[in-house]
Structure formats: C-alpha cells, structure tokens
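In: Could you work out the structure for the sequence below:
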Amino acid sequence: MKNTVVPVWEKYMLTIEEASKYFGIGENKLRRIVDEHRGEPFIFYNGQRTLIK
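Out: This is a model prediction of the structure:
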C-alpha cells in the first residue's frame, strides 16, 4: 500500500502539534486555550488525543 500524506490545509481536524504549526503559536499556549474552552464545538477528544476542528 502506498502511504499518502494529506496536507494540513486539507484536513478536517488537526492535532495539537499540527494546529500549532498551522496557526504559528506554541503547543503549550494551544493546550492552555483548549483547557480553557472545554466543551466548545471546535474541540474533540479521541481517547487521549485532542483534535481541533
């Protein structure tokens, strides 16, 4: 199977690491924003992984 890489700008949801690079802010700052806005419709949890819409 060929492993294809999807560009960040074409993804529907991003991990903290991907969102940090995409938005140009630090991972710690982004994690703090996520912690302050728990339950918002743009934050999803898949087990231990946090995804940002």
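In: For residue 31, grab phi and psi.
Out: Per-residue torsions, residue 31: phi -60, psi -40 (degrees, to the nearest 10).
In: Could I get the contacting residues of it?
Out: Contact analysis of residue 31 by C-beta atoms under 8 Å, 6 or more residues apart in numbering lists 16, 50. The way it works is simple: take the backbone N, C-alpha and C, and place the C-beta from them, glycine included.
In: gap between it and residue 14?
Out: 13 Å (C-beta to C-beta, to the nearest Å).
In: Please apply the same query to residue 38.
Out: Distance from residue 38 to residue 14, by C-beta to C-beta: 18 Å.
In: Ok, residue 7 next?
Out: Distance from residue 7 to residue 14, counting by C-beta to C-beta: 11 Å.
In: So the two - more neighbours on which side?
Out: Neighbour totals were compared for residue 7 and residue 14, and residue 14 leads with 19 against 6 (other C-beta atoms under 10 Å).
In: Which residue comes closest to the more buried one once chain neighbours are left out?
Out: Nearest non-adjacent residue to residue 14, counting by C-beta to C-beta, 6 or more residues apart in numbering: residue 52, 5.2 Å away.
In: now the strands: where do they sit in the chain?
Out: 14-15, 43-46, 49-52 (DSSP state E).
In: Thanks a lot, see you next time.
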